[in-house]
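# Sequence plus predicted model, see below.
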2 protein chains.
Amino acid sequence: MRDDPQRLRFEIDARDGAARTGVIHTAHGPIETPTFIPLATKGTVRGLESGEVAELGYQLILGNTYHLFVSPGPERIEAAGGLHGFMGWERALITDSGGFQVFSLAHGGVANEVKGSGRGGGGGTEVEISEEGARFRSPRDGRELFISPEVSMSVQAAIGSDIALVFDECTPFHAERDYTARSTERTHRWLDRCLRWHDAEGPTRQAVFGIVQGGTYEDLRRESAQAVSEAAVDGLAIGGTLGRDKEEMAAVLAMTAPLLPVDAPKHLLGIGEVDDLLGGIGLGLDVFDCVVPTRLARHGVALAPSPETRWRLDLRKGRWVGDRAPLVEGCPCPACTRHDRDYLSYLSRAEELTAVRLVVLHNLVYMRELTDHARAAIRAGRFDAYRAAVLAGAPPWSA
Amino acid sequence: MRDDPQRLRFEIDARDGAARTGVIHTAHGPIETPTFIPLATKGTVRGLESGEVAELGYQLILGNTYHLFVSPGPERIEAAGGLHGFMGWERALITDSGGFQVFSLAHGGVANEVKGSGRGGGGGTEVEISEEGARFRSPRDGRELFISPEVSMSVQAAIGSDIALVFDECTPFHAERDYTARSTERTHRWLDRCLRWHDAEGPTRQAVFGIVQGGTYEDLRRESAQAVSEAAVDGLAIGGTLGRDKEEMAAVLAMTAPLLPVDAPKHLLGIGEVDDLLGGIGLGLDVFDCVVPTRLARHGVALAPSPETRWRLDLRKGRWVGDRAPLVEGCPCPACTRHDRDYLSYLSRAEELTAVRLVVLHNLVYMRELTDHARAAIRAGRFDAYRAAVLAGAPPWSA
């Protein structure tokens, strides 16, 4: 681990078992943890203007290097003063490395697996992976693109994120042990290349998080945790497959989390459903990004305190016609305070933009409430009770 | 004309030539005129929550009876307390009669014509027009629907608009004089049926506007203006084709407007481009609805002070890459105060919802500024100078 407060400083201010609250100080302000990170995949959080995301209370958003690399490209972003300037976001920004998307193209289905659907297989011939990096065709215009540890770091430097993630190979669940072992070793060599490039040419105030791989294998996760911890990183992320379903994911996380240095800021990549996020907080993880809250909104699915439906309320179902109750009783978001299920359901089925936006707002308020109240519970030494209540169906603000 | 202040009261408070400012008092509050009316076609202004439309300063929105009749249907809206309750809109609401859309299906192209493109012709076999009304198939699920003067008024009663429009046949430009004459006479018979139904069964606080038809024929417009003025209506609207292009439209309006009772509130249906709206204001017309500002936004086209491009700035063009200027210098909207053309152009080309929303906000702020400053100019006795400045390319707030 590296210790450079100019780049990043992490203060833990309360503990409750392994769970903790803290503040990550970045070049663009503080991030209170644990926190959920909304995705600004292509330089905007779906349907929201940057100022609105800050008004919701979020202090950190995530830009996707792969998408921004493909369009509008690092030159245009850099010319606008980085992604902060380009999209008018003044708070902290983290970028992934692009690895996840590139290797999803190559292996197929990683995204589905780590979210627990257990599917996978397939795999594209469109991506050529070598020790040097990955070569692929732009899905936008077909031109050949190449991404390597150095390219990823240079794109993230152009984007100007406060926290960059190293370029790793995101191995899928269906990969065999041998492949996972070799891939994990390569990820470590790529980690070194990322840090070398960043030391020489990276922005001085940009922090770098290493990524722990190793699939579902305890020994590989242990080796990876050790290799990444010994490198000059400012924090750690847990990447790669976490298994075929939620049970296996919980087991892999329970096995991996304790292997990481306790005082480091820790990012669980791509995970952010209500139960998984609470599980991660309980294991001492600090930041969580996930496409689910904003992606669900596009399809009219709102977060709600119903464990039996995985906290999802599908507004496009016919059953909400005439229902005068708010989407979720007690929720402070504009969808819930100003409208009823009948209208929101109508708007969603009519595929009105207003519906997508209102459900995005609702889902992001829901996640904010969940992490706000989780922090309060940790400070009060009652996180286990809080988690149990939410898992039993209490809304995040009243558990 | 009828005079029932319980339904509608119109006070003219300043005059400048034929132009005037005033206040229409409705059951849901005042409407300062001249004003532009944003369309809430299917029960929402594109991408905006009802509270936001009020925050923009709008006091009146328009719901489309045809669309709301097809879905979600009058029963569901009535059960929600009318469209006010359904969509959470607390200010004044006007509904069209559905005639325009039904007869556009029948005749084809009316929408294009009255906006000046001069196309037309075609015409569908899907609508069966008779003295009784119009029979057509739902574009949503194919079921047969029937709309007549009585049905239109009953749907508008269920919607609970503050101002209902009578059911008329919207004759297209390509209709011959004989057809237009017979159609105009039918529109007058339908006017009587609308008023009869409304007297017997309409909401007591709902005002009714009659529609003056007659196409481009002065004698027919004169007959129609007289017939509508003599009926017990609370205001008048100018409907139907206004010709094949902007010049002809200006001529038809200049000929028609003086035929209407001077003290009545007057609605110019479906017209709201910058120059046309100023033309209408100059002729003493008071309210203007138009789909253009919100429809353009969907395609990344923003309103801007450039008469040579019909006040349109197309963000999807490549020329805005790297342009650090705001969309329109001096505009107080969130798109212009927080972002530059480079970013807005990128978002529009990426077809992000955020782009549509930001351009909707910009276009509605632009129209609000135009009518706010037109009112101030009328009060100051300088409307002609104001209009000339805007037509010469001044932004609405600095002309």
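Yep, it's here.
# check contacts around residue A:74.
By Cβ atoms under 8 Å, 6 or more residues apart in numbering or on different chains, the contact set of residue A:74 is A:68, A:154, A:155, A:158, A:159. For every residue, glycine as well, the C-beta is placed using N, CA and C.
# Touching stretch A:382-389 from outside, list them.
A:16, A:17, A:19, A:278, A:281, A:282, A:373, A:374, A:377, A:399.
# rerun that using 6 Å as the cut-off
A:16, A:19, A:278, A:377, A:399 (Cβ atoms under 6 Å, 6 or more residues apart in numbering or on different chains).
# I'd like these laid out as TSV, including pLDDT and distance to residue A:343.
Output for the contacts of stretch A:382-389, formatted as TSV (pLDDT from 0 to 100; distance: Cβ to Cβ, whole Å):
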residue	pLDDT	distance to residue A:343
A:16	98	40
A:19	98	39
A:278	98	31
A:377	98	34
A:399	84	28
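# Just the ones of the residues you listed in strands?
Taking DSSP state E as the definition of strands, the contacts of stretch A:382-389 contribute A:16, A:19.
# Grab the two from the contacts of residue A:74 that are most spread out in space.
A:68 and A:154 (12.5 Å; Cβ to Cβ).
# quick one, which of these two is more surrounded?
Between residue A:68 and residue A:154, residue A:68 has the larger neighbour count (other Cβ atoms under 10 Å in any protein chain shown), namely 25 against 18.
# could you point out which element follows the helix or strand where that one lies?
Assigned by DSSP states H and E, residue A:68 belongs to helix A:65-70. Counting by DSSP H and E, the next helix or strand C-terminal to helix A:65-70 is helix A:74-79.
# Enumerate the positions of that following helix that are buried.
By neighbour count on 16 or more other Cβ atoms under 10 Å in any protein chain shown, the buried set for helix A:74-79 is A:74, A:76, A:77, A:78, A:79.
# now do stretch A:186-194
The neighbour-count check on stretch A:186-194 (16+ other Cβ under 10 Å) flags A:186, A:187, A:188, A:190, A:191, A:193, A:194 as buried.
# likewise stretch A:253-273?
Going by 16+ other Cβ under 10 Å, stretch A:253-273 has these buried residues: A:253, A:255-257, A:259-260, A:264-273.
# contacts with chain B among these, please.
Filtering the buried residues of stretch A:253-273 for proximity to chain B by Cβ under 6 Å from any Cβ of the partner chain leaves nothing.
# For the stretch 51-200 of chain A, what lies in contact range of chain B?
A:51, A:72, A:86, A:88.
# tell me the phi and psi of the second one?
Read it as residue A:72. phi -80, psi 0 (degrees, to the nearest 10).
# Next up, phi/psi of the residue lying closest to it once chain neighbours are set aside, please.
Residue nearest to residue A:72 in three dimensions, not counting chain neighbours: residue B:346, with 5.0 Å by Cβ to Cβ, 6 or more residues apart in numbering or on different chains. Listed backbone geometry of residue B:346 is phi -60, psi -50, with angles given as degrees, to the nearest 10.
# Now do residue B:346, the pLDDT please.
If you check residue B:346, the pLDDT there is 98.
# Also residue A:122?
40.
# Then residue A:170?
Residue A:170 is given a pLDDT of 81.
# Name the SS class of it, please.
coil (DSSP: H, G, I helix; E, B strand; the rest coil).
# thought it was touching residue A:104?
No: here residue A:170 lies out of contact with residue A:104, judged by Cβ atoms under 6 Å, at a distance of 7.1 Å.
# partners of the spatially most central residue of chain A in the sheet?
Closest to where the C-alpha atoms of chain A average out (Cα atoms, centre = their mean) is residue A:289, at 1.8 Å. Assessed by DSSP bridges, residue A:289 has beta-bridge partners residue A:37.
# returning to that earlier point: of residue A:170 and residue A:104, which one has the most company?
residue A:170 (26 against 21).
# Which residues are in contact with that one?
A:99, A:100, A:103, A:110, A:239, A:240.
# what sits against the first one?
The reference is to residue A:99. A:167, A:168, A:170.
# I'd like the next helix or strand past the helix or strand containing residue A:152.
Taking DSSP H and E as the definition, one finds residue A:152 inside helix A:149-159. Downstream of helix A:149-159, the first helix or strand assigned by DSSP H and E is strand A:163-165.
# helix or strand right after that next one?
By DSSP H and E, the next helix or strand past strand A:163-165 is helix A:177-201.
# what angle sits between that following helix and helix A:149-159?
50 degrees (axes from the mean of the first three to the mean of the last three Cα atoms, to 10 degrees).
# helices or strands up against helix A:177-201?
helix A:149-159, helix A:218-230 (3 or more Cβ pairs under 6 Å, 6 or more residues apart in numbering or on different chains; DSSP states H and E).
# list the buried ones in the longest one?
For helix A:218-230, the buried set under the neighbour-count rule, 16+ other Cβ under 10 Å, comprises A:220, A:221, A:223, A:224, A:225, A:227, A:228, A:229.
# how far is the next helix or strand after that helix from where the chain is centred?
Following helix A:218-230 in sequence order, the next helix or strand is strand A:235-238 (DSSP H and E). Distance of strand A:235-238 from the chain centroid (Cα atoms, centre = their mean, to the nearest Å) equals 11 Å.
# Show me what from the stretch 201-350 of chain A comes close to chain B.
A:334, A:338, A:339, A:343, A:346, A:350.
# Looking at those residues, which are in strands?
Counting by DSSP E, those contribute nothing to strands.
# Of those residues, just the buried ones, ChimeraX syntax please.
In ChimeraX, this line selects whichever of these come out buried by 16+ other Cβ under 10 Å:
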select /A:334,338,339,343,346,350
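# The residues of the stretch 201-350 of chain A next to chain B into JSON lines, with extra columns for distance to residue A:127?
Below are these laid out as JSON lines (distance: Cβ to Cβ, whole Å):
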{"residue": "A:334", "distance to residue A:127": "42"}
{"residue": "A:338", "distance to residue A:127": "46"}
{"residue": "A:339", "distance to residue A:127": "44"}
{"residue": "A:343", "distance to residue A:127": "45"}
{"residue": "A:346", "distance to residue A:127": "43"}
{"residue": "A:350", "distance to residue A:127": "39"}
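# picking that back up, for the contacts of residue A:99, which one is nearest residue A:364?
Closest to residue A:364, out of all of the contacts of residue A:99 and judged by Cβ to Cβ, is residue A:170, at 25.5 Å.
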